[in-house]
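**Q** Sequence below, structure please.
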Amino acid sequence: MLYETIAFPDNAPLQCSIVEVEEYPFHMHDDVLEIMFALEGSFELTVVNNVLDMKAGDIYVSCPRELHRLCAYPHTRGTVMLLHINVEAYRAEFPDLRTYQFANSALENNTAGIQMLGSYLKKQLPRLLDRTGTETAAYREVGEKILNTLIKEFQCYYLGSGFPEFNNAYKGNELQLRRIRRITDYIYRNYNKPIRIEDVAAMEHISANHLTNILKNGCGVGFRTFLNMARVEKSAAMLLEGGKGLQTIAYECGFSKYKYFSDSFEKSFRTTPQQYRRRYQSRTIAVQAYSCRALEGQELELLLQKFCRKSEEISLDWGGRYEEKPLRRPRCVSLAGAAYDHITCFPELRRLREELGLDTVALDLDFLRRYRNSPRVLNYILNDLWSLRMRLRVCVPPGEPLRGLREELEPLRERFLRPGGELEVIVPAAPGEEERARTLAEALSAFRLPVRVTGAEHRPEANALYGSGYMPGYLLHTMASSRGSRMPRLTLLDGDSGVALLTPEGLKRPVYHLLSLLEQLGDTVIAQGDMYLAARQSGREDIQVLLYHYDACFDTLFEGGSRVEEQAPFVELMKDHDYNREVTLSVRGMTGRFAIRKYRLTSEEYASRYRDFPLPPADRLSAETLRVLNGTLAPEMSLNLLELDGAYHLTLKLAPFEILLLCFEKLYVFGLPVLILWNSFYSKNCGFSSHLIEKFQ
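**A** Predicted coordinates:
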């Protein structure tokens, strides 16, 4: 027999183990859903006859009675989490669980959900492996959340390539999904009998043509193809069990002739029944011994520490010496392709210069050509930009013909290549365009223009989340990682291609508030790690620590472009799964009196507090109204005055996309008792009182 028996401990609905796998032969489970989550290494997963590559982070969900085999690549071993869910135990909550198919991460496109599920499974590992202290009710809760996630995000029936792939055709349409489940379940239960499409259509009270269309949209194949695929899938287990001839297997699987069976088998599996039996019959659990072992004891404990860190620990030394490196901050705002309005744009650019330290304005040829027939307007715009003392950067594509280009760039050269101005022309070169880019750069240099060739600019698709409170976390992650070149460009207002800093009404976007926090940081990075950055100003003791919660599994939300709407439930999954990250910060060597400023920027969707407040046009909002609105949406601020004797310790939990900036400032006031002065000043002027003074040992 090919069925593997799973022993659920103490009647628990789940059974979990961490296994080092060399080869796990062909097997099936009866009334058990198996989740295989690759933690380390790479694997070859064979499902019936479909061979898939699995790497660390991939997840495969094996449905009941599905034939599968897992093995590491030759001369390697890999570690996998095996989670078995007792289908019968969840009959009340999910009565038709046996009828579901789930998408495999190696084939489908919902990578955000797969990574989110993987992160949740890692977080629950200690709980699932604790066979002594975890109650059955706790197991049930974890299993129910996992099943809800699978059903909500990954149920699919698309078989266009002969294997279940992720399909959005009926996502969210539970009526059609239930109908497809009933039809496919009926086929799987009666595959060995004569089945007519008219009979199945009558069972659903629809026409045969309507049923065919539903199956093609939802499954990618028609009724007859699906029926034959189900029959040959069932025949695979019979072929590997042995004992029956090929003719007998063909008839028992519902084929009237062996030739029909052989043709259907070869069409689905790209091999004949005889070849399949010879290839795999010796690789089943009935014949071959397992080549794998469950991790236990200290080995298991070390793995849990690696994958299930409960807290991110950050340790700094106030007076310590660090290998310093310059802090890279966004310094450029783009007007590329936009229309310039002096009344709106000039004061906003001045504000960006003063508040955010942005010192470069980027233009492109489209912007210049917009004003080709209005030289006076262009001259007026260039006067504005020159008066701001901002560097001007012009992007010229490598395929741009040289003819006429000099005339278009001449006004910029005259205006900005003089005292008080600075001009730079960049030629972005995609792979294969380097030679053309260098040729164009040399020609422009002959016009006495400062030119440099750069890599191609990353132009992400428009994304609804760019203006949301989730964007600052993504921006920080991109800046800190080696993928900084993929950071979307910053634009002044909505409507431009990029991440807008302001709305047309003058409200500051969340990214604007992030840049204001970055301005609080010193110019050198002294420490950096997973979701934190510590900086200080050269020559000063003060330290600033920026903490943020961003996981790589969030990337698909921002890089999925127009598909982001399909991943909208992703944020709800994080809320359901309590996806907070604990951080412990320790700063040693802090002795004396300190002011600690805290700035907290949450992921609350932009302007959600004013969802029912229709904003009037910008010219109807007074300056004071804008100031109050922007102040309400700004990061939450607080101040602590502390007297420390040795170290500062802080433990907190960060929600997904949450950002916290801590600015540590040592207080010196000409040798006077600084706490008395601070306490007196804030009591009189700001309403603060002495309860803000804390002493940490």
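**Q** make it CA atoms for all contacts and neighbour counts henceforth
**A** Fine.
**Q** Can you point out the buried residues in stretch 504-517?
**A** Residues 504-517 are the ones in stretch 504-517 that count as buried (16 or more other CA atoms under 10 Å).
**Q** Restricted to helices, list the residues you listed.
**A** Among these, DSSP state H puts Pro510, Val511, Tyr512, His513, Leu514, Leu515, Ser516, Leu517 in helices.
**Q** what's the pLDDT at the fifth one?
**A** Looking back up the chat, that one is Leu514. Listed pLDDT for Leu514 reads 93.
**Q** How about the first one?
**A** pLDDT recorded at Pro510 is 89.
**Q** Report pLDDT for the residue nearest to it when sequence neighbours are not counted.
**A** Among residues not flanking Pro510 along the chain, Gly469 sits closest, at 5.5 Å (CA to CA, 6 or more residues apart in numbering). Predicted confidence (pLDDT) for Gly469: 83.
**Q** ditto for Val394
**A** With respect to pLDDT, Val394 has a value of 91.
**Q** Contacts only, for it.
**A** Contact analysis of Val394 by CA atoms under 8 Å, 6 or more residues apart in numbering lists Ala362, Leu363, Asp364, Leu365, Leu423, Glu424, Val425, Ile426.
**Q** Who does it form a beta bridge with?
**A** Beta-bridge partners of Val394, counted by DSSP bridges, are Leu363, Val425.
**Q** For it, give its distance to Arg189.
**A** Note on Val394: its distance to Arg189, by CA to CA, to the nearest Å, is 67 Å.
**Q** sorry, back to before: any chance of the ones in helices among the buried residues of stretch 504-517 in TSV with distance to Arg588 as columns?
**A** Listed next are these as TSV, based on distance: CA to CA, whole Å:
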residue	distance to Arg588
Pro510	33
Val511	32
Tyr512	33
His513	30
Leu514	28
Leu515	28
Ser516	28
Leu517	24
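**Q** Relative to Glu323, which of those is nearest.
**A** Comparing these against Glu323 with CA to CA places Leu517 closest, at 23.1 Å.
**Q** hang on, isn't the closest one packed against Leu662?
**A** No. With contact defined as CA atoms under 8 Å, Leu517 does not reach Leu662; the gap is 10.0 Å.
**Q** what do these two both touch?
**A** When contacts are counted by CA under 8 Å, 6+ apart, Leu517 and Leu662 have Tyr599 as shared neighbours.
**Q** follow-up on the earlier one: state the number of residues packed around the residue nearest to Pro510.
**A** Gly469 has 24 neighbours, counted by other CA atoms under 10 Å.
**Q** And it, how far from Tyr579?
**A** From Gly469 to Tyr579 the distance is 17 Å (CA to CA).
**Q** same check, this time on Asp58
**A** As for Asp58, its distance to Tyr579 is 20 Å (criterion: CA to CA).
**Q** And the helices in the stretch 201-350 of the chain, which stretches?
**A** Using DSSP state H, counting those that start in this stretch, the helices of the stretch 201-350 of the chain run over 208-219, 223-241, 246-252, 258-269, 273-280, 297-307, 342-351.
**Q** residue closest to the middle of this protein?
**A** Phe554 (1.8 Å; CA atoms, centre = their mean).
**Q** Could you look up the SS state of that one?
**A** helix (DSSP: H, G, I helix; E, B strand; the rest coil).
**Q** Which residues in stretch 591-608 does the neighbour count mark as buried?
**A** Buried residues in stretch 591-608, counted by 16+ other CA under 10 Å: 591, 593-603, 606-607.
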